[in-house]
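Peer 1: prediction below, plus the sequence it came from.
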Amino acid sequence: MEFLKRFDLKRPKELIGVDIGTTCIKMCVLKNSKEGFTIECMDSKSFDENLLSDGCIINNAFLADELKDMVLKNNIKTKEAACALSSYSVISKKVTMPFLREEEIESSISVEVESVIPFPLKDIYYSYYVIGVAEDKQDMMEVQVVAAKKEIIDGYIATFNMAGLNLQLVDVDIFCLTNLIETVYAPQDSSVVVADIGSSVTNIAIAKGDRIEFTREILVGGQNLTGQIEKSTNLTHKEAEAKKLTGDSEVSSLFEDFIYNISSEISKTINFYTSTKTRERIDKVYLTGGTSLLPGLKATIEDNTKVDVEYIDPFLCLNEDVGKLETYEDFRGSIAVALYLSSRAVDVIGL
């Protein structure tokens, strides 16, 4: 969703894809050629303190310095960047409208936005795209409207400017993932679930083809498990994080409870969707995010949902040497959003 499309933006050859999570920054730069995308760089940095609060950047100067350091460390030449907001910090609504020409939509969409977004137009940036013919009204078209508060977007713009970067576009993380899945896996006849299990939030979407049918955010992530380990063992945050990553048997009961809770929420989401759309079926659950790699999580979700579960492999959209991919293996489970953002240089450049 190009919230910034109204601005007069330059057209870069490469984009720095930046995925800013609650406690981690992921960065990716792809190079595009006739043969496809190859990796220029991938990097990530984790923090003990939160970077975001309710979608807003907590300390603009600190985050700007960290972005600048990551760019310098990786010898990144381009200054053009793209980032994604967490879906819990945006409002996304579908509206049904009469078929209109593009210029007519531009002039009338604000009325629709006012009717579905609970904030004054002066306080938000919004964007939209036409999905297609409305499923239940063949003489109408369905339009996706996405809005975010100006204070959130302006905070990102200011931070990237302070880092010496030009923010070319702002997307939404769950849209990045569903678009990546459509591109790489091309599911056609059935719906799929996407679950991005991060540090503080689990984002879930159900998509069919190029349509996002349902989204849900659960305020549970890896930080919750780390906190529980700290309390039960009196370890420091870093020690608890290390114990979480190794799946230490000392805290196995906490792992089991956490995994059950995440799996249960995904199962509930599927059951709700299939109960409201009785003709639909879920054929696959796609997982991503650092916390999705917890031992036993994938198997538990498969057992509870009776649906095949697969990790999103963002490297499938690359034309890269196998040996080089092995170098970046540790990024495969968490770089999807940043990688997709960098690939959007194609959209900005128009190649």
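Peer 2: All right, it came through fine.
Peer 1: what about the longest helix in the protein?
Peer 2: Under DSSP state H, the helix in the chain containing the largest number of residues is helix 252-276.
Peer 1: what does the average pLDDT come to for the helix or strand just after that helix?
Peer 2: Past helix 252-276, further along toward the C-terminus, the next helix or strand under DSSP states H and E is strand 282-288. Here strand 282-288 scores 95 as its mean pLDDT.
Peer 1: what are the ranges of the helices in this structure?
Peer 2: Under DSSP H, the chain gives helices at 60-73, 102-116, 150-162, 173-184, 222-233, 237-246, 252-276, 297-305, 322-327, 336-343, 345-349.
Peer 1: buried residues in stretch 48-57, which are they?
Peer 2: By neighbour count with 16 or more other Cβ atoms under 10 Å, stretch 48-57 contains the buried residues Leu51, Leu52, Gly55, Ile57. All C-beta spots, glycine's among them, are computed from the backbone N, C-alpha and C.
Peer 1: could the residues you listed go into TSV alongside pLDDT and distance to Asp43?
Peer 2: Below are the buried residues of stretch 48-57 laid out as TSV (pLDDT from 0 to 100; distance: Cβ to Cβ, whole Å):
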residue	pLDDT	distance to Asp43
Leu51	95	15
Leu52	94	19
Gly55	90	23
Ile57	97	19
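Peer 1: would you list those in JSON lines and tack on distance to Leu339?
Peer 2: Converted to JSON lines, these look like this (distance: Cβ to Cβ, whole Å):
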{"residue": "Leu51", "distance to Leu339": "20"}
{"residue": "Leu52", "distance to Leu339": "20"}
{"residue": "Gly55", "distance to Leu339": "22"}
{"residue": "Ile57", "distance to Leu339": "22"}
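Peer 1: pull the most distant pair out of those residues.
Peer 2: Maximum pairwise distance among those (Cβ to Cβ): 11.1 Å, between Leu51 and Gly55.
Peer 1: ok now stretch 166-179, how far from the chain's centre?
Peer 2: Distance of stretch 166-179 from its chain centroid, counting by Cα atoms, centre = their mean, to the nearest Å, is 7 Å.
Peer 1: hmm, I was thinking of stretch 50-60
Peer 2: Worked out by Cα atoms, centre = their mean, stretch 50-60 lies 16 Å from the chain centre.
Peer 1: and Glu49, what does it touch?
Peer 2: By Cβ atoms under 8 Å, 6 or more residues apart in numbering, the contact set of Glu49 is Thr23.
Peer 1: what distance do you get for it to Asn59?
Peer 2: According to Cβ to Cβ, to the nearest Å, Glu49 and Asn59 sit 9 Å apart.
Peer 1: and stretch 306-322, how far from the chain's centre?
Peer 2: Relative to the chain's own centre, stretch 306-322 is displaced by 16 Å; criterion: Cα atoms, centre = their mean.
Peer 1: and the angle from the longest helix of the chain to strand 282-288?
Peer 2: Counting by axes from the mean of the first three to the mean of the last three Cα atoms, to 10 degrees, helix 252-276 lies at 140 degrees to strand 282-288.
Peer 1: what's next to helix 252-276, contact-wise?
Peer 2: Contact partners of helix 252-276, identified using Cβ under 8 Å, 6+ apart, comprise 191, 193, 195, 197, 202, 204, 206, 213-214, 216, 218, 220, 224-225, 228-229, 232, 247, 280-282, 285, 294-297, 300-301, 303-305, 307.
Peer 1: in it, what counts as buried?
Peer 2: For helix 252-276, by 16+ other Cβ under 10 Å, it's Leu254, Phe255, Phe258, Ile259, Ile262, Ser263, Glu265, Ile266, Ser267, Thr269, Ile270, Tyr273.
Peer 1: stretch 60-72 now?
Peer 2: Asn60, Leu63, Ala64, Glu66, Leu67, Met70, Val71.
Peer 1: of these, just say which sits nearest to Glu151.
Peer 2: Comparing the buried residues of stretch 60-72 against Glu151 with Cβ to Cβ picks out Asn60 as the nearest, at 11.6 Å.
Peer 1: surely that closest one is in contact with Met162?
Peer 2: Yes - the criterion here is Cβ atoms under 8 Å, and Asn60 meets it with Met162 at 6.4 Å.
Peer 1: before we move on, back to that, so can I have JSON lines of the buried residues of helix 252-276 showing distance to Ala240 and pLDDT?
Peer 2: Listed next are the buried residues of helix 252-276 as JSON lines, based on distance: Cβ to Cβ, whole Å; pLDDT from 0 to 100:
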{"residue": "Leu254", "distance to Ala240": "10", "pLDDT": "86"}
{"residue": "Phe255", "distance to Ala240": "12", "pLDDT": "84"}
{"residue": "Phe258", "distance to Ala240": "13", "pLDDT": "91"}
{"residue": "Ile259", "distance to Ala240": "17", "pLDDT": "92"}
{"residue": "Ile262", "distance to Ala240": "18", "pLDDT": "95"}
{"residue": "Ser263", "distance to Ala240": "22", "pLDDT": "96"}
{"residue": "Glu265", "distance to Ala240": "23", "pLDDT": "95"}
{"residue": "Ile266", "distance to Ala240": "25", "pLDDT": "96"}
{"residue": "Ser267", "distance to Ala240": "28", "pLDDT": "96"}
{"residue": "Thr269", "distance to Ala240": "29", "pLDDT": "95"}
{"residue": "Ile270", "distance to Ala240": "31", "pLDDT": "95"}
{"residue": "Tyr273", "distance to Ala240": "35", "pLDDT": "92"}
